[in-house]
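Q: Kindly generate the corresponding structure for this input.
(3 chains, ligands or ions: 3)
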Amino acid sequence: MKPSPTRPPTPTPMDEPDAVSDLGAPTDVPGWTGSPLVALESTLIAQGLPWPDNLATALEAQRAVAESGAEGRTLAILEGKPRLGLSVEELEGMARRGSSRFRKAARRDLAAALALGWDAATTVSATLFLARRAGIRVMATGGLGGVHRGWTERPDLSGDLLELADAHGCVVVCSGFKSILDLPATLEALETLGVALVGYCTDDLPAFTERSSGLPVPARVETPDQIAKIVRAHRTLGLPGAIVVVQPVDQAVALEDRLAREALDEALIDAERQGVHGAALTPFLLGRLRDRTGGASLIANRRLIVDNARLAGAIAVALAGTGTD
Amino acid sequence: MKPSPTRPPTPTPMDEPDAVSDLGAPTDVPGWTGSPLVALESTLIAQGLPWPDNLATALEAQRAVAESGAEGRTLAILEGKPRLGLSVEELEGMARRGSSRFRKAARRDLAAALALGWDAATTVSATLFLARRAGIRVMATGGLGGVHRGWTERPDLSGDLLELADAHGCVVVCSGFKSILDLPATLEALETLGVALVGYCTDDLPAFTERSSGLPVPARVETPDQIAKIVRAHRTLGLPGAIVVVQPVDQAVALEDRLAREALDEALIDAERQGVHGAALTPFLLGRLRDRTGGASLIANRRLIVDNARLAGAIAVALAGTGTD
Amino acid sequence: MKPSPTRPPTPTPMDEPDAVSDLGAPTDVPGWTGSPLVALESTLIAQGLPWPDNLATALEAQRAVAESGAEGRTLAILEGKPRLGLSVEELEGMARRGSSRFRKAARRDLAAALALGWDAATTVSATLFLARRAGIRVMATGGLGGVHRGWTERPDLSGDLLELADAHGCVVVCSGFKSILDLPATLEALETLGVALVGYCTDDLPAFTERSSGLPVPARVETPDQIAKIVRAHRTLGLPGAIVVVQPVDQAVALEDRLAREALDEALIDAERQGVHGAALTPFLLGRLRDRTGGASLIANRRLIVDNARLAGAIAVALAGTGTD
Ligand SMILES: [Mn+2]
Ligand SMILES: [Mn+2]
Ligand SMILES: [Mn+2]
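A: Numbers count the residues shown, from 1 in each chain, chains lettered A, B, ... in the order given. Ligands and ions are numbered 1, 2, ... in the order given. Predicted coordinates:
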């Protein structure tokens, strides 16, 4: 694979999107420039962010990947076909219609989505699965799913965790786990599952829209090249599982601890009062946090998604440059 | 594989059962008619149902598979040999002697069972493992194991769950999980493990001998052909894990909610008083439920086993008809 | 592989340790005598036992393996290189410097350890992974990691468990799980994961430095040959996961129940008071137990490590003798 850092920083709508619907290699698509590829998830468009922020963020994320010299592909299921990249028109259609039209497909829902002809945004687990199946081994997102608070009353652990355990040698760039989760329990689950965790310019696990959870990560690096070195060692050893790279949200837009905590406490109370749980819980809580923080969580959420996409692009380029990807 | 829907609806005792004891393909057995195969588990014979209902149910289940145009094979370990099918005499021997002679072997016990020469009925996890190892990718049972109630005091999650996660592309037809379990926690565990779940003519997870648990399933289908379509998509994508197909027990014999709940509460209290747990717990509770419901749970249990076997046969035929199995 | 039971019972420092640093087969090392190999873990040297007991125990363990006719290799990471065997000088260096110099690397830390040039002792999960990657399929240790007490408040399940689930057909000889753990919950976790468990001359799960936890094991054997027979059946069936062989500590040095329990209760209170948890917890508790038992736990701990190494050697010889390893 030949990196092409001079590629123009605009997302390339694919001329023949159906060409990839059979899940052939995404590099077979006519529009492909030869750049290293980065997969981007789509539930943040259909379920995570409000219109029109969702479209703007999706386009900015693709642009940020391109600025790093790689190519960002947003994955989704359209009319029962898995798609390794969406045109601008398709992104806009998903962003406008959101959850009124698009289901939220986790990895385990993919076969039903195809067989029953669903339109669906893909969660981290579904995106990572489809990406690695097609040979894309770097992905970016905002925050991963994990162990929900109150798990001793009603256990709720995201399917993202098991897909991370299965995605051998893939890199997932994020700002940790969604802050609505039980972060100490989630960190322990990651350790139990043996999923590698690396802090990018941080010793702490970030807390999504806050810079730190106060919990330590086992290894810290300062450059995309160091990450690529770890990824190569991981692949050479044949270690199972993904490498989760966590990057704190930019200081300029990060939420302050107290504000974030109070808003979250209120959002959790709202969810309990209204009996929201299951797949609906995360979108509900993220929406409440936006209201409660006067939009500050939305600004932070958008920024970290774009910055994670940029870092993922740089990692993809670093891996491609050395011929391991 | 050539489907043979005109095959007579009687179970075929195998002439040379030892021929399969080396776990060669079950289609090598002389008696094999060329019909698609369905695996049936044997703990329901040795530990789950009382004599003579257990033998009658085992024979009816094989007949129901045959009525669908497939061939049902009951799996077990006899004298340390894994058997991909039992003769009527062997079924009767197991049914008469039950747990006084036959151990209950889960997947992890299989090596000891072979090396130490056990007679053992095989649980869902052991049956599914032996079946897929021999190329049989459709199985039927009554209710699966899951997360036991009181798991925060003493965690007890059935090994069935992990085998479901490992049985890539296999189909398991059942009436959900045994109702003695913590069903919300079990449903979450299935989601965490990324195991696909499909409701057959239902939007709800059945509760074994009751028609509904009140919990939703992520996808609903109406025909065996639709199930076959999902299974083919699952296999084409290379998705991990089994596809669990749940079918509610027939309305005519289903237990009413209140009766079932009261009987279960009493059975759980009995178990705690007598300190029953581990592998002995499920047979104990099922026995108590039979007594407490005046036999109604036994009638429902028998019916759903047979109906699930019939549906599994239809799925096996649908898969064979399209050349995917 | 040719067993060589007449091999002198001294550990063989390797002439060219760097020769194995690329993780080629350990049998390529010049010093290799042709004996069956047994992997030994190194956190017991760097983090588990105090100087100079740790060095003495490491050397005795290697000698015990040799007395069985096999060859013991202590695994570790030195200056970022995975090592399938350490010289006496290297063992002494690790034993003297302990955790002041050596990190504790679990399986998921291995890529960072290599890429960032760590010196690290390898836990059970990391040792078993490196061993099986190099073709060594028998390992010995003292006690495995499992489910920590208080897991409903702050879940903490060792990554050892998942590696056991992944180490298909490997044998791990131990005295059960560290007694500081929640043993009933750990035993259930092993069953949930489908990891095979065999008692060597015992019907009970040992409790590390005590002979019995009071909890049953599903199968009991009396000889290394019987274990080899189970291992062969496991491999022939293609069953997933390791075979955990548990051996009770020698009666002569075993801790009495009451002494052990009181010492542990006090150690757990100390840990809570001082806020110790995560990777630091196990070394902390083991240290406290030594103090609280007046050194009796240290004597028992040393003895069981050596005896487990000896049994592992005998199993490796039994497997090699029949040509399955
Ligand atoms: Mn969930
Ligand atoms: Mn159990
Ligand atoms: Mn831990």
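
Q: How about the secondary structure of A:E89?
A: helix (DSSP: H, G, I helix; E, B strand; the rest coil).

Q: I should have written A:V172 there, sorry.
A: Applying three-state DSSP: A:V172 is strand.

Q: same check, this time on A:G150
A: Following three-state DSSP, we place A:G150 in the coil state.

Q: OK, contacts around it?
A: Residues near A:G150 by C-beta atoms under 8 Å, 6 or more residues apart in numbering or on different chains: A:156, A:182. C-beta: built from backbone N, CA, C; applies to glycine.

Q: Chain B versus that one, what's the distance?
A: The gap separating A:G150 from chain B is 12 Å, by C-beta to the nearest C-beta, to the nearest Å.

Q: Next one, pLDDT for that residue please.
A: pLDDT for A:G150: 89.

Q: try the one 4 residues further on
A: We have a pLDDT of 88 for A:R154.

Q: try A:G31
A: For A:G31, pLDDT reads 74.

Q: How is it assigned, secondary-structure-wise?
A: Quick answer, by three-state DSSP: A:G31 is coil.

Q: you'd agree A:R137 is up against A:L128?
A: No. Counting by C-beta atoms under 8 Å, A:R137 does not reach A:L128; the two are 9.4 Å apart.

Q: any common contacting residues for the two?
A: A:C170.

Q: quick one, phi psi at the closest residue in space to A:G238 that isn't next to it in sequence?
A: Distances taken as C-beta to C-beta, 6 or more residues apart in numbering or on different chains put C:R133 closest to A:G238, at 6.3 Å, once the chain neighbours are dropped. Main-chain torsions, C:R133, degrees, to the nearest 10: phi -60, psi -30.

Q: Give me the below-cutoff pLDDT ranges for chain A.
A: A:1-24, A:30, A:322-325 (pLDDT under 70).

Q: Nearest to the spatial middle of it, which residue is it?
A: Chain A has A:T141 as the residue nearest its centroid, 2.0 Å off, counting by C-alpha atoms, centre = their mean.

Q: how near is it to chain B?
A: 17 Å.

Q: Then A:T192?
A: Going from A:T192 to chain B by C-beta to the nearest C-beta gives 12 Å.

Q: so that residue is in which element?
A: Taking DSSP states H and E as the criterion, A:T192 maps to helix A:183-193.

Q: do the same with A:P82
A: strand A:81-84.

Q: partners of that strand in the sheet?
A: Strand pairing for strand A:81-84, using DSSP bridges, gives strand A:71-78 (antiparallel).

Q: all helices for chain A, in order.
A: In chain A, the segments counted as helices under DSSP state H are A:43, A:53-67, A:88-97, A:110-115, A:124-133, A:160-166, A:183-193, A:224-237, A:257-273, A:281-292, A:296-321.

Q: is it possible to export these to TSV including distance to B:L255 and mean neighbour count?
A: As requested, the helices of chain A are arranged in TSV below (distance: least, C-beta to C-beta, whole Å; neighbours: other C-beta atoms under 10 Å in any protein chain shown):
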stretch	distance to B:L255	mean neighbour count
helix A:43	39	28
helix A:53-67	47	23
helix A:88-97	43	17
helix A:110-115	29	26
helix A:124-133	36	26
helix A:160-166	34	25
helix A:183-193	37	23
helix A:224-237	52	21
helix A:257-273	32	15
helix A:281-292	32	20
helix A:296-321	48	25
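
Q: farthest residue from the center of chain A?
A: Outermost residue of chain A (C-alpha atoms, centre = their mean): A:R273, 29.2 Å.

Q: I appreciate the help and will end here.
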